[in-house]
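K.L.:
Got a predicted structure here, sequence first:
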Amino acid sequence: MHPDIVTTLAALLLGAVLGGVGGLLGIGGGILAIPLLGAAYGLEQSMAQGTALVMMVPNVLLAFWRYRQRSPFPLSLALRIGALSVLATWLAAQLALGLDKALLRQVFAAFLLLLGGYFWREARPRPQRATPHPWPARYLPGVGLIGGACAGFFSVGAGIVAAPILVRGFGKAQTEAQGLALALVLPGALVALASYGRAGAVDWPLGLCLALGGLCTVSPGVALAYRLPQQRLRQLFALLLWLTAGLSCWLG
């Protein structure tokens with residue numbers, strides 16, 4: 001088989017895997033794609049990040065739409081969360097410019113390890129107990145500030161951090177939280193893709209193959225999320241947090 005065909009098929013398959021995982025767990029998939037693109041295709045960091053964004057934008061948009069179809073929430077709320085996320089990302093990135101990036105990633109990785117442990121513990125069956133009173137809905141846009149700040153400081157993690165806050169603080173179901181968390185990822189991904197594209201740090205053919213593969217599996221991933229028990233979904237989310245923590249250390 002011609003090497004170019006093999007490369008294309010491999011990219012489509014990788015995109016399909018990342019799209020399915022992204023749909024299932026409500027993430028953009030970039031944190032998983034970036035190191036894989038570096039290892040499998042020899043892309044340097046900025047090129048890997050720009051190429052991953054080509055995949056993320058359409059995948060996140062489709063996943064957001066599918067989650068909103070199944071768990072309707074006001075589009076205006078998603079827009080407010082997304083807008084505040086972009087603002088917080090920019091401000092935090094300015095503050096983080098003079099800080100040690102390796103230390104920031106280590107702190108972020110430690111935080112995700114602890115958060116993953118919490119989600120794994122919450123997934124275990126427990127005796128019936130009183131449900132804590134959820135935070136007022138008027139505070140929901142603040143999730144965009146927190147997620148955006150994490151993205152600005154650590155370069156990844158807006159949606160990953162937002163989902164646990166939505167579940168624990170606001171009493172959202174895991175699936176609804178994942179859908180709302182995608183509202184944090186999409187605006188930042190669009191802005192970042194435009195920036196990487198202008199800088200020439202995007203492998204467009206590879207990114208489009210990843211995107212095409214992902215678009216084939218995002219919807220089945222979202223559908224599977226709604227079929228799985230909440231406990232199992234939380235366990236998978238915990239595993240994702242631990243994997244992300246490991247990748248964050250690797251990227252550092």
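P.N.:
Perfect, I can see it now. Residues are numbered from 1 along each chain as shown.

K.L.:
only C-alpha atoms for contact and neighbour calcs from this point on.
P.N.:
Fine.

K.L.:
Can I get stretch 38-53 in CSV? Just the C-alpha atoms.
P.N.:
Output of stretch 38-53 as CSV, limited to C-alpha atoms (Å, rounded to 0.1, in the frame of the first residue of the first chain):
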residue,chain,number,x,y,z
GLY,A,38,4.4,14.6,18.4
ALA,A,39,5.1,10.9,18.9
ALA,A,40,3.5,9.4,15.8
TYR,A,41,4.2,12.2,13.2
GLY,A,42,7.2,14.0,14.7
LEU,A,43,5.5,17.3,14.9
GLU,A,44,7.1,19.9,17.2
GLN,A,45,5.0,21.3,20.0
SER,A,46,3.4,24.4,18.3
MET,A,47,2.7,22.5,15.1
ALA,A,48,1.1,19.7,17.1
GLN,A,49,-1.1,22.1,19.0
GLY,A,50,-2.2,24.0,15.8
THR,A,51,-3.0,20.7,14.0
ALA,A,52,-4.9,19.4,16.9
LEU,A,53,-7.1,22.5,16.9
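
K.L.:
What lies in contact with that stretch?
P.N.:
Stretch 38-53 is contacted by residues 30, 33-35, 37, 189-190, 192-193, 196-197, 201-204, 206-207 when judged by Cα atoms under 8 Å, 6 or more residues apart in numbering.

K.L.:
just checking, which of those residues belong to helices?
P.N.:
30, 33-35, 37, 189-190, 192-193, 196-197, 204, 206-207 (DSSP state H).

K.L.:
May I have the secondary structure class of the spatially most central residue of the chain?
P.N.:
Nearest to the mean C-alpha position of the chain, by Cα atoms, centre = their mean, lies Ile27 at 3.0 Å. Of the three states, Ile27 takes coil under DSSP: H, G, I helix; E, B strand; the rest coil.

K.L.:
What are the phi and psi values at it?
P.N.:
With angles defined as degrees, to the nearest 10, Ile27 sits at phi -130, psi 160.

K.L.:
residues of stretch 221-236 that come out buried?
P.N.:
Gly221, Val222, Leu224, Ala225, Tyr226, Gln231, Leu233, Arg234, Gln235, Leu236 (16 or more other Cα atoms under 10 Å).

K.L.:
Now, those that are in helices?
P.N.:
Among these, the ones falling in helices (DSSP H) are Gly221, Val222, Leu224, Ala225, Tyr226, Gln231, Leu233, Arg234, Gln235, Leu236.

K.L.:
ok, back up a step: for the buried residues of stretch 221-236, which one is nearest Asp100?
P.N.:
Leu236 (30.9 Å; Cα to Cα).

K.L.:
in the protein, which spans are helices?
P.N.:
3-25, 30-41, 45-70, 75-96, 101-122, 142-154, 158-168, 174-198, 204-215, 218-227, 230-251.

K.L.:
now, of these, which is deepest in the fold?
P.N.:
Each of the helices of the chain was scored by mean neighbour count; the highest is helix 142-154, a mean of 26, by mean count of other Cα atoms under 10 Å.

K.L.:
packing partners for it?
P.N.:
helix 75-96, helix 101-122, helix 158-168, helix 174-198 (3 or more Cα pairs under 8 Å, 6 or more residues apart in numbering; DSSP states H and E).

K.L.:
Now render those helices as JSON lines, adding distance to Ala11 and mean pLDDT.
P.N.:
Formatted as JSON lines, the helices and strands packed on helix 142-154 follow (distance: least, Cα to Cα, whole Å; pLDDT from 0 to 100):
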{"stretch": "helix 75-96", "distance to Ala11": "29", "mean pLDDT": "86"}
{"stretch": "helix 101-122", "distance to Ala11": "28", "mean pLDDT": "84"}
{"stretch": "helix 158-168", "distance to Ala11": "24", "mean pLDDT": "87"}
{"stretch": "helix 174-198", "distance to Ala11": "19", "mean pLDDT": "88"}
